[in-house]
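In: 3D, please:
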Amino acid sequence: MEAQKDFKVTLAERSKLKDISLENIPFGKYFTDHMLVADYENGKWQTPEIVPYQSLMLDPSLAVLHYGQAIFEGIKAYRLKDGSVKIFRPNDNFKRFNASAVRMQMPEVPEAIFMEGLRKLIAIDKDWVPSNENHSLYIRPFMISSDAAIGVRPSEKYKFLIILSPTGPYYATPMRIYAEEKYVRAVPGGIGFAKAAGNYGAVLYPSAEAHKKGYDQVLWMDAFEHKYVQECGTMNAFFIIGDKVITPGLEEGTILAGVTRDSVITVLKEMGFEVEERPLSIDEIIEAHKAGQLKEIFGTGTAATIALIKELKYKDYEMAFDVTQWKTAPEVRNRIDAIRYGYQPDTHGWLWPV
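Out: Residues are numbered from 1 along each chain as shown. Sure, this is the predicted structure:
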């Protein structure tokens with residue numbers, strides 16, 4: 001990778017870290033002292049800057065506020081047992097970010113700005129990386145259209161930023177899930193595979209309806225038959241049926257190609273499991289449950305890593321599980337965490353030094 005040599009850096013006069021504790025910190029509430037900003041104008045990227053974390057001055061006609069050209073990523077950095085700080089698979093997020101940019105008719109961010117900027121920013125704010133168990137530094141790269149004009153067309157200006165947030169566990173307890181039959185998250189040919197802001201805004205109402213029913217998240221189904229599983233909330237979904245692990249495939253472009261998803265598949269195969277990436281119907285899930293073959297259900301994502309699912313409801317059929325007896329999902333999580341925190345060697349090249 002060619003290094004970006006002309007970053008402009010302005011340091012904060014005082015660190016906010018003196019005012020907070022990194023123990024038991026909630027997800028996404030506090031942000032570090034600095035952020036990265038790069039503007040795209042006149043067909044090229046301008047000099048990226050690392051500046052003190054601050055509010056943005058936005059014109060009311062800003063294109064993103066009206067037409068939704070906005071994408072983001074979620075990455076984590078960890079403090080290893082030896083005290084060093086490393087980022088988990090950022091290059092995969094970089095590639096997915098630009099795939100989202102292409103789908104949303106936005107400019108791709110150069111590797112030198114994204115990757116080198118990420119490293120420089122975290123190096124400056126490395127004291128914000130927690131050392132507590134199950135804690136990490138959440139990294140949020142995002143890009144918005146920034147034309148100050150109203151008109152349904154791709155913007156000519158864009159703003160790319162990276163902000164950092166120390167965080168603890170995302171889902172602290174196993175979840176109750178409701179299989180959604182009316183609302184849909186994505187359709188073939190749509191933007192389900194992209195990490196676009198609109199995908200997440202559209203799921204808020206159905207998720208709130210599920211909460212009213214006492215459930216933590218929804219299990220998204222396909223748009224045509226409401227029969228085939230897509231994602232679980234904002235996570236990829238895994239089902240252990242018999243001696244196989246099944247997760248929906250990526251072919252239709254309706255689910256996100258999760259970096260954690262890929263990591264989990266790799267670890268499951270190392271543990272000797274056969275992993276099938278294919279269409280999975282709710283009927284097959286119910287039949288497996290009735291036959292006593294549905295062993296475990298869990299979700300995977302950057303924020304949660306692995307979230308255990310203790311209950312799944314479809315129409316009037318309820319499936320409940322004693323997650324305290326589960327072996328596979330906890331073991332996968334332990335193996336990935338062992339790599340992330342430096343207790344096991346990283347034989348996959350997943351950790352990037354800061």
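In: Which parts of the stretch 1-150 of the chain are helices?
Out: For the stretch 1-150 of the chain, helices defined by DSSP state H, counting those that start in this stretch occupy the ranges 63-67, 90-103, 111-124.
In: Residue 179 is nearest to which of those?
Out: Shortest distance between residue 179 and the helices of the stretch 1-150 of the chain, using CB to CB, is found for helix 90-103: 26.9 Å. Placement of C-beta: from N, CA and C, glycine included.
In: what's in contact with that closest one?
Out: Under the contact criterion CB atoms under 8 Å, 6 or more residues apart in numbering, helix 90-103 has outside partners 71-75, 106-109, 111, 114-115, 118, 139, 141, 143, 191, 193-196, 256-257, 259, 262, 352.
In: change it to 6 Å
Out: Helix 90-103 is contacted from outside by 71, 73, 75, 108, 114, 115, 118, 191, 194, 195, 259, 352, using CB atoms under 6 Å, 6 or more residues apart in numbering.
In: and the gap between the nearest residue to the last one once chain neighbours are set aside and residue 223?
Out: Which is residue 352. Once flanking residues are discounted, residue 352 sits nearest to residue 87: 4.5 Å by CB to CB, 6 or more residues apart in numbering. From residue 87 across to residue 223, the span is 35 Å (CB to CB, to the nearest Å).
In: Neighbour count: these two, which is higher?
Out: Of the pair residue 87 and residue 223, residue 87 is the one with more neighbours under other CB atoms under 10 Å, namely 23 against 17.
In: before we move on, back to that, I'd like the helices of the stretch 1-150 of the chain as TSV, with mean neighbour count and mean pLDDT appended.
Out: Converted to TSV, these look like this (neighbours: other CB atoms under 10 Å; pLDDT from 0 to 100):
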stretch	mean neighbour count	mean pLDDT
helix 63-67	18	97
helix 90-103	19	98
helix 111-124	21	97
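In: Which one of those helices lies nearest to residue 335?
Out: It's helix 90-103; of these, that one is closest to residue 335 (CB to CB) at 18.1 Å.
In: just to revisit the earlier point, give me the local confidence score for the residue nearest to residue 352.
Out: The predicted structure scores residue 87 at 98 on the pLDDT scale.
In: Identify the bridge partners of it.
Out: Beta-bridge partners recorded for residue 87 (DSSP bridges): residue 77, residue 352.
In: I figured it hits residue 76, correct?
Out: No: between residue 87 and residue 76 there is no contact under CB atoms under 6 Å: 7.4 Å.
In: which residues are in contact with stretch 269-276?
Out: Contacts for stretch 269-276 (CB under 6 Å, 6+ apart): 244, 245, 246, 265, 268.
In: Swap in 10 Å and give it another go.
Out: Residues from elsewhere that reach stretch 269-276 (CB atoms under 10 Å, 6 or more residues apart in numbering): 238-249, 264-268, 328, 331-332, 335, 347-348.
In: Give me the buried entries from the residues you listed.
Out: 238-241, 245-248, 264-268, 328, 332, 335 (16 or more other CB atoms under 10 Å).
In: Give me the distance between stretch 222-233 and the centre of its chain.
Out: Taking CA atoms, centre = their mean, to the nearest Å, the mean C-alpha location of stretch 222-233 is offset from the chain mean by 19 Å.
In: how far does it stretch from start to finish?
Out: The first and final residues of stretch 222-233 sit 14 Å from each other (CA to CA, to the nearest Å).
In: Equivalent analysis for stretch 208-216, please.
Out: One end of stretch 208-216 to the other measures 9 Å (CA to CA).
In: So for that stretch, what gets flagged as buried?
Out: 210, 215, 216.
In: Could you list which residues are in contact with the second one?
Out: Counting by CB under 10 Å, 6+ apart, residue 215 makes contact with 175, 176, 177, 178, 179, 180, 207, 209, 233, 311, 312, 313.
In: Just the buried residues out of those, in ChimeraX syntax.
Out: Buried residues within the contacts of residue 215, by 16+ other CB under 10 Å, are selected in ChimeraX with:
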select :175,176,177,178,179,180,207,233,311,312,313
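In: Point out the least confident one among the contacts of residue 215.
Out: Lowest confidence among those: residue 233, with 91.
In: you'd agree that one is up against residue 199?
Out: No: contact criterion CB atoms under 10 Å: residue 233 and residue 199 do not qualify, at 11.9 Å.
In: residues shared between the contacts of the two?
Out: Common neighbours of residue 233 and residue 199 (CB under 10 Å, 6+ apart) are residue 185.
In: who touches the residue of the chain positioned farthest from its centre in this structure?
Out: The centre of the chain is farthest from one residue, residue 291, which by CA atoms, centre = their mean lies 33.7 Å away. Taking CB under 10 Å, 6+ apart, we find residue 291 in contact with 241, 242.
In: still on that earlier bit, in TSV: the contacts of residue 215, plus distance to residue 17 and secondary structure.
Out: Output for the contacts of residue 215, formatted as TSV (distance: CB to CB, whole Å; DSSP: H, G, I helix; E, B strand; the rest coil):
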residue	distance to residue 17	secondary structure
175	32	strand
176	36	strand
177	37	strand
178	40	strand
179	43	strand
180	41	coil
207	33	helix
209	39	helix
233	31	coil
311	39	strand
312	41	strand
313	43	strand
